[in-house]
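> The sequence isn't on hand, but the structure is:
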């Protein structure tokens, strides 16, 4: 049996990073439905992220997206975050929204575009120096829509060169998180389409480069917890972008589409004692196209907490024993016992112990924060993917 | 052996409808890359569509999208099209871009929104009365992002009610084409997700309602030519939205991703003698996010022509004989013989016979049209999905 | 809030049918791993099915597979089942294991093979007359491995003719359950590949023909609960073949791969009040290739019970209210509240109320039954897919 | 423009290895349909493989499968092959058909089973010493059917240990080809599920270990030519198992399901000048469940030849120029020009130049070989997956 005190302790120490852009508007190519109260500035996004942390207690940092969160003075922004009780987290680069990037950024056939894109990566490290961020998260939308459009191999050479430049610019404990994605916005070939590609580049770059797993970026049928276990074994799992999906990169709330999968992922983390010690950045990366954003992010945090609590409750001694004995049904049953447990009472206790409201969603609703931002945030340009 | 004169005759009579919106800007949720020379008005779109017809000879109609192609006087627009040598085709409704439609249009839980959406369908039939269009194409983005979000069954009841109203408004040879789509923009459940759903509604509506197959709207592994053959057998195949895809609804040029699949689809059409006689509307529905739009549409038309030519070349007597004999390899071989034939010389002949340039892409390039529209279409608001 | 007494009552009345063949050996094309104690005769399969019922209390019938369960006297077999406390259920036809069926059964290009296959369907109805079975379950492995191999449309004509003969042979309350399957053993086209095809044939056949949903027979991404809700609305859902899958037709224990999906399916059943009243046959159809068979089947029954209990616990008033209000997060939360509940204590109560051991797996282990069959069933030919 | 003489020269030098087991019976879990004339001994399989080579001229080696092709004296078997005009090729291990392997072979929780499986790998190298084979092909069916069944990470440790033993046993130019597969026969997790896993192990093993790509072993939507290009860049592409699929591991004839994909794969090979120089073993791995086996294998060889011929015809200068210019449509068009070419006349020439019949299928039919083996191979035990 899992030690309940240790479980509670682990749950108290868990850390989930929220993404600044998830507080802004998002949508599909068909329509972005704007919501009232959405932040208009990086500071307002940070205020929302701090609100999520205030009610959950486990979301003490917020990832930024450059240039969406561009400010003149990042140390001031960092101080603002600290005043609000949170920290600035990973710096996300954006080399997909400039007209120059139509045919790619760091893999573009045009060397001038590659230079511009690579310079943006270096600029992001400059920003990290100011924010004190450890993580440079790189996602490249680069790819092809048509067979023959560009040379698959040359694009890898170009990618490797840009990654090398960015890697060499890192200092201190800074590191690269290299994300992969099966498709979208490229519809034939993507330059970093799977964990294998990201892994191979990270191995060649060196120890400061690790893979970022976005849970929505896989082909149908991919066993994500296998990738988690494998990368942990190789020492190359750097971060998660949590979200959930039924089809493609749906970016729904984590745990909403397949809570059992999320539990299996968290079990591999727990089984490798990697919940806090391994330096993995557990981030959210989601789009709340139709639901209220702050409560959706709180819900996502709670879903990850619940999956983690279940993973911590797995009776690992009993599991290993059944596995070693080749008892298929018993081993499965031990895992399912933990999954089938209702961990919400336990998490309420953990929150109460930490001086938090046991029901963060209800507490947020009662707090009046939503009403306040709807009233206050009138005029200006709402944040979204375009700005 | 197929009769070459009959093949040529069939190719001359083939008709493909181009979509007005494919001449405008399009993109992904990440970025719309605007292109120079893109039309700003319905008239400019029609001019581009007419250009495609001028060079291909088989694209004599253009589908409109309301409200993107809203004009004060549709009979004037119709006359404008005629002056340019083409006709107005299917009227596409749009009940997905108004803020009211965040939770659905005709299936929205709010009856007022349903009323508004249904009224739009009726308005589209009014437009058809003016344009002389036969086809009302209905695509509903309606669906859910989260389990429990709304009641799956009630939404079918609401859908059926709206379809009934629209159906009852049809007159003369007007008809409904009901499109289905697996997902996007809804990411958990879509109200018309597959051909079965569309078919069942069409059967209940009556003979004027038929299914529209968008070749990019299926789950991985779906055998589209089976659906084509099945709907032809049931007398319920009304139209195609041609495009191609490697992953989801990629909306690439028809024939670009899997030319063999396109051939198999066209074979089922030819085998059922449904290329012209069955009243099927062979439309394109594509997004040219990174490639030049008019030549991409010409290329798509040529790809469909080539697939059709190969389908017409299938030695059906030999094929039926091998099938009846249970000779798997021979039957497959007869089909592949046609597919492996290079039909481009034949199509060049067909074009020359019709007084066209044998190479429409080259002729378009030489024509100076692209240069002209880039020079002329300066200022104003470029057409796109938003307008 | 759901009425707990009504929930318990519903759980007591739930009925799940076990498949005789799941007690026999099964495997993949690579290997069948035989297990000790596996039945050698239909009677031994029935004894095992009765054992599952004895410990679960909700599995009072067993489906037969002809010719795997061929006996000289079916009324005797029926009596044997009754003595063991269960009934004979659906009769499954098998038109895929005779050498004649290499290129199909009822859709075979050879009329003699079609005749033979159709006769087998009629023979199955004869057996139903003797066993008192209501349900004729039809699954056709018919399909093509290669494009061109046979004519897609002619095969539909042949299928329709065979179905018509079988339908016309039905009497009393007998009915046809028409199963569909995306692929396997056919790898290019399957003659009944999706619910739409099955539905269309069932509509044409008449009221005694309904669709059977095998939960493992869909393309990736298919929303099965949508199909359930849709077929319920059309009055055409006749049965389930429950199992679970991560990839293809994996035939794993129901609820093992995606317990949340199973819950969503059962919610649609509960929401339509179709758990008992609608005449749906809730069957298992699984392969226990590596795990002990009887406990695996008990576990599957328990998994369905747990999903059903959660579905019954959904606060439907609260759910409908949130849905009507368009409150996405609240509606999702109401559903998830039920899913996140640990229903195992409730089910233990239900079992104790019915005089059963609250833990059927443990009780089975203690019972000595497994030891007994391993000791007794020595020699002879173990049952499997081949016999 | 491609140099036609160089194209012909490359086509003459192409080498494709046939698999001994494809000449034997195969099927699905539902049924193996035996065929007349199927070989009963390794020698008869070799005779069939030699026949394929005699008619195609490009299939001069045959891969063996141990223990299916176990003989007392492998040097004698090698001499027999040489007398028949071919060579023995890769040695395939089989650690999936013994009862001990129910829960895995080299990753089994039981160390005794792991020892047995690893010893089989070493035995296979012994055989290679006798046959003179260079390639040890390793495919592990190892995996899990249920979450929790065994520990994902420990299984990787066990896998690595077994691979290391086999690797250290290699001598001379011997090497390991490590195959990966998404799923089947394991249905939840597979121990080598994707190219990334195979690649990571191969990198750790050393230069004599390379990845084998089976074209049917990927998740839906996987871009295989990307993997080809990537592994070529990393110097880690060792071999192909060619076949084609619409759904899962369908094992259909190469080029039958998606000839355009096969062309794109071969283009990456040609583009990297890896058709002959890179030491890649181009093998077939197919199941001819319903079609005649020898002509199906000839057809597969022809399909690969045709794809290769088209790839060789790509005007690489024009392609690189269009790619460098960012001309999406022109680059795609250059590639498609080659694909749309009918290369069958060219291949007929190549064959005639080599003294072969220009139409290998027709020549095989005329040869009387099929009639002879049907007449001769009566009695005995037909070869299949079981023996």
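Looks like it arrived, so ask away. Note that the structure is a prediction, hence the values are computed from the model and not measured. Numbers count the residues shown, from 1 in each chain, chains lettered A, B, ... in the order given.

> Next up, the contacts around residue A:354.
Residues counted as contacts of residue A:354 (Cβ atoms under 8 Å, 6 or more residues apart in numbering or on different chains) are A:12, A:57. From N, CA and C alone the C-beta is placed, and that goes for glycine too.

> measure the closest residue to chain D within the stretch 101-250 of chain A to chain B for me?
Of the stretch 101-250 of chain A, the residue with the smallest distance to chain D, taken as Cβ to the nearest Cβ, is residue A:196 at 2.4 Å. From residue A:196 over to chain B the distance is 18 Å, taken as Cβ to the nearest Cβ, to the nearest Å.

> I figured residue A:310 hits residue A:342, correct?
No. Using Cβ atoms under 8 Å, residue A:310 is not in contact with residue A:342, being 9.5 Å away.

> Comparing the two, which residue is more hemmed in?
residue A:310 (27 against 16; other Cβ atoms under 10 Å in any protein chain shown).

> Wondering if the host helix or strand of that one reaches chain B at all.
Element membership for residue A:310 (DSSP states H and E) is helix A:293-313. No. Interface with chain B: helix A:293-313 contributes nothing (Cβ under 8 Å from any Cβ of the partner chain), its closest point being 9.6 Å away.

> Show me the helices in the stretch 151-300 of chain A, by range?
A:152-169, A:195-205, A:224-234, A:259-271, A:293-313 (DSSP state H, counting those that start in this stretch).

> Residues in contact with the third one: which ones?
Going back to what we said before, that points to helix A:224-234. Under Cβ under 8 Å, 6+ apart, the answer for helix A:224-234 is A:195, A:199, A:210-211, A:213, A:215, A:218, A:237, A:261, A:264-265, A:267-269, A:271-272, A:274, A:278, D:152-153, D:156-157, D:189-190, D:193, D:196-197, D:200.

> coming back round to it: on the pLDDT front, check the residue of the stretch 101-250 of chain A closest to chain D for me.
In the prediction, the pLDDT value recorded for residue A:196 is 98.

> Next, count neighbours for it.
Residues lying near residue A:196 (other Cβ under 10 Å) number 25.

> how close does it get to chain C?
Distance of residue A:196 to chain C, computed by Cβ to the nearest Cβ: 19 Å.

> residues contacting the closest residue to that residue other than its chain neighbours?
Excluding the flanking residues, the one nearest residue A:196 by Cβ to Cβ, 6 or more residues apart in numbering or on different chains is residue D:196, at 2.4 Å. Residue D:196 makes contacts with A:194-197, A:199-200, A:230, as judged by Cβ under 8 Å, 6+ apart.

> switch the cut-off to 10 Å
In this structure, residue D:196 makes contact with A:180, A:194-200, A:211, A:227, A:230-231, D:180, D:211, D:227, D:230, judged by Cβ atoms under 10 Å, 6 or more residues apart in numbering or on different chains.

> rewinding a little: out of the helices of the stretch 151-300 of chain A, nearest to residue B:382?
Closest to residue B:382 of these, according to Cβ to Cβ: helix A:152-169, at 29.7 Å.

> tell me the angle that closest one makes with helix D:224-234.
Orientation of helix A:152-169 against helix D:224-234 (axes from the mean of the first three to the mean of the last three Cα atoms, to 10 degrees) gives an angle of 60 degrees.

> What is the neighbour count of the closest residue to residue A:28 other than its chain neighbours?
Once flanking residues are discounted, residue A:28 sits nearest to residue B:185: 3.9 Å by Cβ to Cβ, 6+ apart. For residue B:185, the count of nearby residues is 22 (other Cβ under 10 Å).

> how deep is the residue of the stretch 201-350 of chain A found nearest chain C tucked in, by neighbour count?
Across the stretch 201-350 of chain A, the shortest distance to chain C (Cβ to the nearest Cβ) belongs to residue A:220, at 3.6 Å. Residues near residue A:220, counting by other Cβ under 10 Å, number 19.

> Just to check, it is in contact with residue D:219?
Yes. Distance between residue A:220 and residue D:219: 6.1 Å, which falls inside the contact criterion (Cβ atoms under 10 Å).

> tell me, what's touching those two both at once?
Once Cβ under 10 Å, 6+ apart is applied, the residues that residue A:220 and residue D:219 both contact turn out to be A:182, B:220, C:220, C:247.

> which of these come close to chain D?
Residues of the shared contacts of residue A:220 and residue D:219 in contact with chain D (Cβ under 10 Å from any Cβ of the partner chain): A:182, B:220, C:220, C:247.
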